[in-house]
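Asker: have a look; sequence and predicted model below, questions after that.
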Amino acid sequence: QVQLVESGGGSVQPGGSLRLSCAASGLSLEYKAIGWFRQAPGKEREGVSCISSSSDNSASYADSVKGRFTIYRDNAKNTVYLEMNSLKPEDTAVYYCNLDHFGANYWGQGTQVTVSS
């Protein structure tokens with residue numbers, strides 16, 4: 001049974017940093033494309049970043065987070081991370097990881113990130 005569990009969220013001041021984790025069970029993340037999404041109150045869920053399934057682990061980012069967020073994976077821990085720096089109040093949202101596996105789409109339960117002074 002595939003499960004994704006996000007963690008690492010919290011409350012930080014503007015300019016602060018957090019590292020989110022997406023730990024998987026029931027499958028190996030090593031050759032999977034993984035996406036991070038977020039949903040702010042009253043807004044649609046939006047894509048934040050994605051790491052490719054290829055061995056080069058190429059990454060893409062939404063313009064709003066480019067240069068501040070970094071996605072990477074640790075295959076030994078079967079976990080994908082989202083390192084978030086220079087956080088802004090507009091980054092406040094619930095963050096989710098997502099992947100497709102044999103035709104099914106999986107989401108974690110989400111982790112809350114709040115950026116406020």
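Answerer: Ah, there it is. Numbers count the residues shown, from 1 in each chain.

Asker: leaving out chain neighbours, which residue sits closest to Asn57?
Answerer: Nearest residue to Asn57, sequence neighbours excluded (Cβ to Cβ, 6 or more residues apart in numbering): Ile51, at 5.6 Å. Every C-beta, even on glycine, is put in place using the N, C-alpha and C of the backbone.

Asker: hey, what's that neighbour bridged with?
Answerer: Ile34, Ala59 (DSSP bridges).

Asker: what sits against it?
Answerer: By Cβ atoms under 8 Å, 6 or more residues apart in numbering, the contact set of Ile51 is 33-34, 57-59, 71-73, 80.

Asker: which of those residues has the most neighbours?
Answerer: Among those, the one with the most neighbours (other Cβ atoms under 10 Å) is Val80, at 28 neighbours.

Asker: can you confirm that one is in a strand?
Answerer: Yes: checked against DSSP: H, G, I helix; E, B strand; the rest coil, Val80 lies within a strand.

Asker: show me what contacts the spatially most central residue of the chain?
Answerer: Residue closest to the average C-alpha location in the chain (Cα atoms, centre = their mean): Trp36, at 3.3 Å. Residues near Trp36 by Cβ under 8 Å, 6+ apart: 20, 22, 47-50, 71, 80, 82, 95-98.

Asker: against Lys66, how distant is it?
Answerer: 13 Å (Cβ to Cβ, to the nearest Å).
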